[in-house]
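**Student:** here is the input, now give the coordinates:
(one chain, ligands or ions: 1)
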Amino acid sequence: MAIQRHKGLAEDVYEAIFNKLMALEIAPGGRITVDGLVRELEVSHTPIREALGRLEGEGLVVKTHLVGYSAAPQISRRHFDELYELRLLVEPAAARRAARHVDEERMRRLTDTANRMRQLAGSHERPSYAGFARLDAELHDQIMELAGNELIRDTLAHLHTHFHIFRLMFHARVTEEALTEHESLLVALSSGDEAGAEHAMSEHIERSRRRLLMAFA
Ligand SMILES: [Zn+2]
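**Tutor:** Numbers count the residues shown, from 1 in each chain. This is a model prediction of the structure:
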């Protein structure tokens, strides 16, 4: 699949590799050669290296001295359990604070992100799934921003949870159920319902955990 457009080339190359990683077309732990991507995408080395650097920052690519690039390994069961334990401790309480701070402008942005997710969920193609994962990360980050603790927000952002968990499984259920759960969360947030927002976030994370647990069966 050659990259055609030259406007926004760096972005297109990044997107193409991101989609491959999310769709497991590049297997977790698998070697990534710059030359291979140069041939496949028919672009020069520069945008490929740029994209790989950016993906390394996002936790999807690992660079090893003298070896080169590889896809980040699939998260282990233990890492998965720890991730969800942390999320359950932090995100519901943050959602409660977000409900306290929400205003019209922020609510409009949240609704916009949720709507974009809904549009992507209608199509069952893998690139849409990757886009869905990114928007899910964005939605959760917007709520953390609202909650107002930058340290918590940064900590969660650096875990790149959404990229890791979405790589565990490609399944329509993952997207459809999440949409309904986000809806309950947004309803609570928009009405400033603190307890409701906390509960909805807790439910969402717990259900997400159960959905993805199947990947380890
Ligand atoms: Zn979510």
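**Student:** buried residues in the strand or helix carrying residue 181?
**Tutor:** Assigned by DSSP states H and E, residue 181 belongs to helix 172-190. Buried residues in helix 172-190, counted by 16 or more other CB atoms under 10 Å: 174-175, 177-178, 181-182, 184-186, 188-190. Where you see a C-beta, it was placed from the backbone N, CA and C, and this is true even at glycine.
**Student:** what does stretch 49-69 give?
**Tutor:** 51-52, 54-55, 58, 60-62, 69.
**Student:** any regions of the chain where pLDDT drops low?
**Tutor:** 1-7, 123-124, 126-127, 170-173 (pLDDT under 70).
**Student:** just the angle between the top helix by length along the chain and helix 172-190, please?
**Tutor:** What stands out as the longest helix in the chain, according to DSSP state H, is helix 77-101. Angle, helix 77-101 to helix 172-190, by axes from the mean of the first three to the mean of the last three CA atoms, to 10 degrees: 30 degrees.
**Student:** what's the separation between residue 87 and residue 132?
**Tutor:** 18 Å (CB to CB, to the nearest Å).
**Student:** before we move on, the earlier item: among the buried residues of stretch 49-69, which lie within strands?
**Tutor:** Using DSSP state E, the members of the buried residues of stretch 49-69 that fall in strands are 61-62, 69.
**Student:** about what we covered before: would JSON lines of the buried residues of helix 172-190 with distance to residue 108 be doable?
**Tutor:** Output for the buried residues of helix 172-190, formatted as JSON lines (distance: CB to CB, whole Å):
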{"residue": "174", "distance to residue 108": "26"}
{"residue": "175", "distance to residue 108": "23"}
{"residue": "177", "distance to residue 108": "25"}
{"residue": "178", "distance to residue 108": "21"}
{"residue": "181", "distance to residue 108": "20"}
{"residue": "182", "distance to residue 108": "15"}
{"residue": "184", "distance to residue 108": "19"}
{"residue": "185", "distance to residue 108": "16"}
{"residue": "186", "distance to residue 108": "11"}
{"residue": "188", "distance to residue 108": "16"}
{"residue": "189", "distance to residue 108": "12"}
{"residue": "190", "distance to residue 108": "10"}
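**Student:** can you map out the strands along this protein?
**Tutor:** 31-32, 61-64, 68-71.
**Student:** show me what the longest helix of the chain is packed against.
**Tutor:** On a contact count with 3 or more CB pairs under 8 Å, 6 or more residues apart in numbering; DSSP states H and E, helix 77-101 meets helix 126-147, helix 150-159, helix 161-168, helix 172-190, helix 194-213.
**Student:** with adjacent residues omitted, what lies nearest to the residue minimising distance to the centre of the chain?
**Tutor:** Closest to where the C-alpha atoms of the chain average out (CA atoms, centre = their mean) is residue 162, at 3.2 Å. The spatially closest residue to residue 162, leaving aside those adjacent along the chain, is residue 137, at 3.8 Å (CB to CB, 6 or more residues apart in numbering).
**Student:** isn't the one you found up against residue 163?
**Tutor:** Yes. Residue 137 lies in contact with residue 163 (CB atoms under 8 Å); the separation is 7.0 Å.
**Student:** coming back round to it: so who does the residue nearest to the centre of the chain touch?
**Tutor:** Neighbour list for residue 162: 133-134, 136-137, 140 [criterion: CB atoms under 8 Å, 6 or more residues apart in numbering].
**Student:** of these, closest to residue 118?
**Tutor:** Of all those, residue 118 sits closest to residue 136, with 11.9 Å by CB to CB.
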